[in-house]
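S.K.: only the shape, not the letters, is given here:
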């Protein structure tokens, strides 16, 4: 149950982050890139001190060059996510933006699980999961086009 609460809280944090960072972007010469930069810079400082307190940070960093390239692109993907949310939230609305992001997460999550990409455990896609994604897509379409 704790993991589900943590995941729900992370989703809530994504919504708040998009709203907060989009307002920061407006204040910083209407540039979402500057808000995304600040988001990562301030987060990096926090993570640095937390990792330093945990211990072995510099030994762990010494292991980075030995890792495959695809394990090192998480920060780039995260930067793209943060920039996209800062850029899109004022244009689509936070809820609409998150619906499409969630849809992308679910579809690609199913692909990752199905094929065991990135060395993740293989989890079979069954008809219930396909129906579930279809229901979410239906809800998304209703939600997104309801105002029109």
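M.R.: Happy to help now that I have it. Everything quoted here is computed from the prediction, not taken from an experiment. Numbering: from 1, shown residues only.
S.K.: which residues in the chain form helices?
M.R.: In the chain, helices defined by DSSP state H lie at 2-27, 32-54, 57-62, 74-92, 94-115, 127-145, listed in chain order.
S.K.: the longest one to helix 32-54, inter-axis angle?
M.R.: With axes from the mean of the first three to the mean of the last three CA atoms, to 10 degrees applied, the angle from helix 2-27 to helix 32-54 works out at 140 degrees.
S.K.: domain-wise, how is the chain divided?
M.R.: 1-92, 94-148 (automatic domain parsing).
S.K.: next, format the ones you listed as a markdown table and append mean neighbour count and mean pLDDT.
M.R.: In short, each C-beta sits where N, CA and C put it, glycine included. Putting the domains of the chain into a markdown table (neighbours: other CB atoms under 10 Å; pLDDT from 0 to 100) gives the following:
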| stretch | mean neighbour count | mean pLDDT |
| --- | --- | --- |
| domain 1-92 | 13 | 95 |
| domain 94-148 | 12 | 89 |
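S.K.: residue contacts, the residue most central in space within the chain?
M.R.: Closest residue to the average C-alpha location of the chain: residue 81 at 5.6 Å, with CA atoms, centre = their mean. Counting by CB atoms under 8 Å, 6 or more residues apart in numbering, residue 81 makes contact with residue 101.
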